[in-house]
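Asker: return a 3D structure for these sequence lines:
(one chain, ligands or ions: 1)
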Amino acid sequence: MKELPSLRRANLRGKRVFIRVDYNVPIESGQITDDRRIRASLPTLRYLIEQGATLILASHLGRPKDGQRDPKYSLHPVQHHLSQLLQKPVELIGDPFTYKELSPSSVYLMENVRFFPGETKNAIEFARALAQWAEAYVSDAFGSVHRAHASVDALPRLMKEKYAGFLLEAEWNNAQRVLTQIEHPYLVVVGGAKVSDKLPLLQYLLPKLDRLLIGGGMSYTFLHAKGLPIGKSLLEREHVQAAQELLAQADKMGKRVLLPSDSLAAKAFQADAEAAVYAHQAGVFPEDRMGLDIGPASIAAAKGFIQGSKTIFWNGPMGVFEWERFKQGTVEVGKAIAEETARGAYSLVGGGDTAAAAEVAGVAEQVSFVSTGGGALLELLAGQTLPGIAALMS
Ligand code: AMP
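Answerer: A predicted model of the protein is given here:
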């Protein structure tokens, strides 16, 4: 396993340090509604503050159009919130192109890097403008390392001194637990809406895993691939063949695969839709219904399947967990994973919406690690090289 350059080995006393963080947080009417990503960066920031470094933080927020300044995506609310969390003034730098003297041991936050067209173009000129502010670079933006953008890729390639912050290091080390340091039996649980998002990951993890539990919206493409009825449930026709091939491969490799045998199904995609349980059997599952959660037989089977696993990776909910009526499958699977963790299994939860699903299941504190990465985690676990990690090691 490759090791990331650790911040612990750096001597950054008195230096100006550029820290790429991921503060792409939800903001409603100027209020941050979920500050987990900001809090997750605090250990790195506090460590550097204690070292007497001058901090220049940078992040993107949302997708401002064409690299334009749009007040809706200003980091102002983050500046205010971070200042409260650190109990220290945080000054906003509006224009990264115009360098000014920084006060030693202070904390600065650059305005949204996506206000500048060079960021998403990975432009070297923009990276140079950012580089003039600092003597060292720290990456703690796990949620962004899969993007070849200037503050993630071109900038660290320009910097001589570069390190992984504590959050990035923790994310990397935890990912290794399900990639290279696996204790068997290894269970992968996938769910969520889209097969297409998860296929590369499934293909990469298939040889490593022992058990594969598929639930949620994506499971219906697999059930359809097996010739089972799914009514109006989610179906990605263009991926039926890939699903078929994956199941055949799993079979050949002797992997155990569990698909839902029944679903809680409704006639409409609505929170309060009337719902009933149907088995995915010919002549049983109605044509006019869609599965919005796994059913009770599937939940019972999933619990047995999870038991005894020593390594667990969970990505994607078992149903529309945002709606009270359809959250039970996700809650029960989350609880079963938490129980195995209490018995000594290692469990990693993350990618897409799974962190939110773990919160709904009430198990976010009971699993081994909840990743802050969405797409970045999925790409890392699909065996891809992440530009922001490659640049740190360059
Ligand atoms: P993903 O980002 O692919 O992990 O998908 C997460 C989303 O999948 C959540 O918003 C769920 O509401 C949705 N989802 C899960 N199961 C189903 C289902 N059976 N039908 C429709 N959407 C689903």
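
Asker: burial count for Ala243?
Answerer: A total of 23 residues lie near Ala243 under the criterion other Cβ atoms under 10 Å. Where you see a C-beta, it was placed from the backbone N, CA and C, and this is true even at glycine.

Asker: look up how far Lys15 lies from it.
Answerer: 52 Å (Cβ to Cβ, to the nearest Å).

Asker: and Leu377, by the same measure?
Answerer: 31 Å.

Asker: more neighbours: which of those two?
Answerer: Legend: neighbour count by other Cβ under 10 Å for Leu377 and Lys15, higher for Leu377 (30 against 17).

Asker: biggest helix in this protein by residues?
Answerer: What stands out as the longest helix in the chain, according to DSSP state H, is helix 328-342.

Asker: residues touching Leu4, list them.
Answerer: 163-164, 168-169, 172, 389, 392-393 (Cβ atoms under 8 Å, 6 or more residues apart in numbering).

Asker: of the residues you listed - the most surrounded one?
Answerer: If you count neighbours using other Cβ under 10 Å, the busiest of those is Leu168, which has 30 neighbours.

Asker: helix, strand or coil for that one?
Answerer: Three-state call for Leu168 (DSSP: H, G, I helix; E, B strand; the rest coil): helix.

Asker: test my guess that it contacts Asp140.
Answerer: Yes: shown here, Leu168 and Asp140 form a contact pair, counting by Cβ atoms under 8 Å, at 5.2 Å.

Asker: about what we covered before: let me have the contacts of Leu4 in a markdown table, extended by pLDDT, distance to Phe97 and secondary structure.
Answerer: Listed next are the contacts of Leu4 as a markdown table, based on pLDDT from 0 to 100; distance: Cβ to Cβ, whole Å; DSSP: H, G, I helix; E, B strand; the rest coil:
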| residue | pLDDT | distance to Phe97 | secondary structure |
| --- | --- | --- | --- |
| Tyr163 | 98 | 25 | strand |
| Ala164 | 98 | 27 | strand |
| Leu168 | 97 | 27 | helix |
| Glu169 | 97 | 31 | helix |
| Trp172 | 97 | 32 | helix |
| Ile389 | 97 | 27 | helix |
| Leu392 | 96 | 25 | helix |
| Met393 | 94 | 28 | helix |
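
Asker: and the ligand, which of the residues you listed contact it?
Answerer: Applying Cβ under 6 Å from any ligand atom to those, one finds that nothing falls near the ligand.

Asker: from those residues, which is closest to Pro89?
Answerer: Tyr163 (24.8 Å; Cβ to Cβ).

Asker: from memory the closest one sits against Glu3, does it?
Answerer: No: between Tyr163 and Glu3 there is no contact, the gap being 11.6 Å when judged by Cβ under 8 Å.

Asker: now do the spatially closest residue to Arg9 that is not a sequence neighbour against the ligand, distance only.
Answerer: Leaving aside its chain neighbours, Arg9 sits nearest to Tyr163 (7.8 Å; criterion: Cβ to Cβ, 6 or more residues apart in numbering). Distance of Tyr163 to the ligand, given as Cβ to the nearest ligand atom, to the nearest Å: 31 Å.

Asker: name all residues that make contact with Tyr163.
Answerer: By Cβ under 8 Å, 6+ apart, the neighbours of Tyr163 are 4-7, 9-10, 136-139, 392.

Asker: swap in Arg289?
Answerer: So Arg289 contacts 231-233, 265-267, 276, 278 (Cβ under 8 Å, 6+ apart).

Asker: and the pLDDT at it?
Answerer: pLDDT recorded at Arg289 is 98.

Asker: leaving out chain neighbours, which residue sits closest to it?
Answerer: Leaving aside its sequence neighbours, Arg289 sits nearest to Ala265 (Cβ to Cβ, 6+ apart; 3.9 Å).

Asker: same check on His60?
Answerer: Nearest one to His60, counting by Cβ to Cβ, 6+ apart, is Arg114 at 4.4 Å.

Asker: where does the residue of the chain found nearest the ligand land in three-state SS?
Answerer: For the chain and the ligand, the shortest gap (Cβ to the nearest ligand atom) falls at Gly192, measuring 2.3 Å. Secondary structure, three-state DSSP: Gly192 is coil.

Asker: so it sits against Gly316, correct?
Answerer: Yes: with contact defined as Cβ under 8 Å, Gly192 and Gly316 form a contacting pair (3.0 Å).

Asker: neighbour count winner among those two?
Answerer: Neighbour count, other Cβ under 10 Å: between Gly192 and Gly316, Gly316 has more, with 26 against 23.

Asker: OK, contacts around the more buried one?
Answerer: 189-193, 198, 215-216, 218, 351-354, 357.

Asker: recalculate using a threshold of 7 Å.
Answerer: Counting by Cβ atoms under 7 Å, 6 or more residues apart in numbering, Gly316 touches 190-192, 198, 216, 218, 352, 354.

Asker: what do you get for Ser106?
Answerer: 54, 91 are the contacts of Ser106 under Cβ under 7 Å, 6+ apart.
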